[in-house]
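K.L.:
3D model of this:
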Amino acid sequence: MNGALYRPPAPTPRTPVRGLIRAMLSGERDLLSLLPDIAYSTRVGALGQSRRGIVIVNDPAVVTQVLIDAEQVFPKNDLLVGALEAVVGNSMFVSSGATWRRQRRMIEPAFSHMRINRAFDAMQAGVEAYEATLDRRSATGETFSLDAAMSELTADIICRTIFTQSLASHTAREVFTAFGQFERSVANTEIRRLLFGKPFAKIPQSQAVISACAQIRRHVGDLLDPRLAPDAEAIDDIVGAVIAARDTDTGASFTREELIDQIGVFFLAGHETTASVLTWIFFILSQHPATAERMRAEIAAVASEGEILLEHTKQLAFVRNVFREAMRLYPPITFIPRVAIRATTLAGQKLKRGTMVMIAPWTIHRSSLNWPDPDRFDPDRFTRESEIPPGAYIPFGMGPRVCVGAAFATIESIYILACLVRRYDFTPTAPEAVRPVARLTTKPFSEIVCRVRPWRAG
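P.N.:
This is a model prediction of the structure:
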């Protein structure tokens, strides 16, 4: 397969009318199906017709203005907040203003545990444990979900990082299943309200969403409760830091439900997004073996056949660029919607209160305004970083709400890739059927069923 021509799966943009008809009639309610061709070619402009008004932004300078939000005009979109409240409450991920600043101050000490020199042991332990699972699957030839496999691995690593303990595989699978149900159900609600709903209206959730969120929160609570017991040993980890957090003004700590809110963000954001990009990378490698061979050559040169150490991950330039290119083509967070909380002007356009400002990494990363050959898989484009406009590459967001786990996720992904690419080949059973959809994260429409086998040189 010619690397210069390889185009991983992506929907074909349609005219606005055809995109809307397809989205409304397909039954799958994929947000990517709503994106018309103009969503990729406009710098700043109205996107289709809706009750509230939607403006899409691909201009890197305007993206920067909205996400830095110096005048605090563009908080997180009310639809996103309403969708996520059931699973993460009013946590730091969805809160705004004074509430967000208070939570950020309280949780700041916990971020130190995301530092790589503290978290790398958890990554090593998680990968080592999961390699035993892959060895068994390789020996038996069984098929399995690549999506669930990556979710199980990253959930175990983040659990070791947050709670200083491993996560049972059945619990990881239950969380993966519940989060998938949550995303599918929320996506259905969001499209209807995106087009027809009033801004800032209360969003009722379906029973499917409520049940899925209850299951996720129950698992987080089950992990948390032993740490809240009167005789619990104090452990210096993320949970310990969040439990010990105090409001500097009142001295109050988080309640149990607030702890589940905040820890749930660490847990879900810390594994679902990384699992998403790893799933896409291993699929791309299965279809483009030349990239896998380049990665293996670099890994062998840097780490030989010995243990892959933290310092090695910083030397694997091509592996890092594969990760970055996959994050460009399949940003884990497909959309970063904001809302105008008052009438304002953006890039010369008047916006009424409640207008949705759609910052979409998916379109920004695939716009020919920002990237040459934007749909082509080309890790080497990141050797020319000076050509990338600021604000054109935002897989972790930008501004005061940039993802605090960006460095953690990058090293974790590079380490996982280095360990698993060196040892295994993943082979999907139906690669032609793989296509992306946008829910809360960028996922395959159906789980990628695959087999794994040992890789041997020659």
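
K.L.:
in this structure, which helix is the longest?
P.N.:
When the chain is parsed with DSSP state H, its longest helix is helix 256-287.

K.L.:
centre of the chain to that helix, how far?
P.N.:
Centre-to-centre, helix 256-287 and its host chain are 6 Å apart (Cα atoms, centre = their mean, to the nearest Å).

K.L.:
now stretch 130-143
P.N.:
The answer for stretch 130-143 is 26 Å, by Cα atoms, centre = their mean.

K.L.:
about what we covered before: next helix or strand past the longest helix of the chain?
P.N.:
Going down the chain from helix 256-287, the next helix or strand is helix 289-303, by DSSP states H and E.

K.L.:
tell me the first helix or strand C-terminal of that next one.
P.N.:
Using DSSP H and E, the helix or strand that follows helix 289-303 towards the C-terminus is helix 310-313.

K.L.:
which residues sit against that following helix?
P.N.:
116-117, 120, 302-303, 411, 414-415, 418 (Cβ atoms under 8 Å, 6 or more residues apart in numbering). C-beta coordinates here come from the backbone N, C-alpha and C atoms, glycine included.

K.L.:
what comes up buried for stretch 287-306?
P.N.:
287-288, 291-292, 294-296, 298-299, 302-303 (16 or more other Cβ atoms under 10 Å).

K.L.:
let me fix that, I meant to ask about stretch 221-230.
P.N.:
221, 223-224, 227.

K.L.:
ok, back up a step: from the contacts of helix 310-313, which shows the smallest pLDDT?
P.N.:
Checking pLDDT across those, the minimum falls on residue 117 at 84.

K.L.:
thinking again about what came up before, now the buried residues of stretch 221-230 as CSV including secondary structure?
P.N.:
Shown next, in CSV, are the buried residues of stretch 221-230 (DSSP: H, G, I helix; E, B strand; the rest coil):
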residue, secondary structure
221, helix
223, helix
224, helix
227, helix
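
K.L.:
just send those residues back as JSON lines, with pLDDT and distance to residue 56 too.
P.N.:
JSON lines is the format used below for the buried residues of stretch 221-230 (pLDDT from 0 to 100; distance: Cβ to Cβ, whole Å):
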{"residue": "221", "pLDDT": "91", "distance to residue 56": "39"}
{"residue": "223", "pLDDT": "89", "distance to residue 56": "39"}
{"residue": "224", "pLDDT": "92", "distance to residue 56": "39"}
{"residue": "227", "pLDDT": "93", "distance to residue 56": "44"}
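
K.L.:
show me the two of the residues you listed that sit farthest apart.
P.N.:
Longest distance between any two of these is 10.8 Å, between 221 and 227; criterion Cβ to Cβ.

K.L.:
ok, the buried residues of stretch 287-306 vs residue 381, which is closest?
P.N.:
Among those, residue 291 lies closest to residue 381 (Cβ to Cβ), at 13.3 Å.

K.L.:
so the closest one sits against residue 283, correct?
P.N.:
No: using Cβ atoms under 8 Å, residue 291 is not in contact with residue 283; the gap is 11.6 Å.

K.L.:
what about stretch 336-353, average pLDDT?
P.N.:
pLDDT averaged over stretch 336-353 gives 94.

K.L.:
which outside residues touch that stretch?
P.N.:
In this structure, residues lying in contact with stretch 336-353 by Cβ under 8 Å, 6+ apart are 43-45, 53, 55, 57, 59, 62, 65-67, 69, 73-80, 199-200, 354-361, 394, 397.

K.L.:
of those, just the buried ones, ChimeraX syntax please.
P.N.:
One line in ChimeraX is enough to select the buried ones among the contacts of stretch 336-353; burial here means 16+ other Cβ under 10 Å:
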select :44,45,53,55,57,59,62,65,66,67,69,73,74,75,76,77,78,79,80,199,354,355,356,357,358,359,360,361,394,397
